[in-house]
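Trainee: got a predicted model here, sequence first, then my questions.
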Amino acid sequence: MAFPVDITFISEAERKLEVKFPASFVVRMVKNNGGEVSTSGDSWQLHPFLDSSDRKRLKRTCNDIVLETKQAREWSDFPNNAIVIGSNGGGDRLVLLPSSDAPAILGPVYWWDHETGELIFVSDDFGDLE
């Protein structure tokens, strides 16, 4: 069960990762910190933002976006500029990549295939996902 999250925890993750999350993603996560989205052919469990406001939320958000991204960046074929926002339970990751015109601002959504190391385009905007 996902909870709302205060924007300060999202800002903290942005600071740690040195990125700015897309507005559509932030709006979604403020309302429901985690949850699930679907893309054509797959369902994704979204990683939450770490919420240390109380013990219950801390426990439920310990697999946060910052931790998941740092772990993924240790894999040899994972793109070092990708931010992990979800997984499908089969090893693949849903990621945000920087916008082409602003490297610190995240934009398009991709599916990273753990078997091939390929990035497969999903959407220009997270808000298009259901």
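Mentor: Done, it's in.

Trainee: for Glu115, see how far away the spatially most central residue of the chain is.
Mentor: When the chain is reduced to its mean C-alpha position, the closest residue under CA atoms, centre = their mean turns out to be Ile85, at 1.5 Å. For Ile85, the distance to Glu115 (CB to CB, to the nearest Å) stands at 20 Å. Just so you know, the C-beta spots here come from the backbone N, C-alpha and C atoms, and that holds for glycine as well.

Trainee: next: Gly107.
Mentor: The value you get for Gly107 to Glu115, if CB to CB is used, is 25 Å.

Trainee: between these two, which is the more surrounded one?
Mentor: The residue with the greater number of neighbours, taking Gly107 and Glu115 and applying other CB atoms under 10 Å, is Gly107; the counts read 19 against 9.

Trainee: list the beta-bridge partners for the closest residue to that one other than its chain neighbours.
Mentor: The shortest distance from Gly107 to any residue other than its chain neighbours is 3.8 Å, reached at Ser99 (CB to CB, 6 or more residues apart in numbering). Per DSSP bridges, residues listed as beta-bridge partners of Ser99: Ala102.

Trainee: my guess is Ser99 contacts Asp125. True?
Mentor: No - in this structure, Ser99 is not within contact of Asp125 by CB atoms under 8 Å, at 11.1 Å.

Trainee: OK, contacts around Leu58?
Mentor: With contacts taken as CB atoms under 8 Å, 6 or more residues apart in numbering, Leu58 has the following neighbours: Leu50, Asp51, Ser52.

Trainee: now, which of those residues sits nearest Lys16?
Mentor: Sorting the contacts of Leu58 by distance to Lys16 puts Leu50 at the head of the list, at 9.2 Å, by CB to CB.
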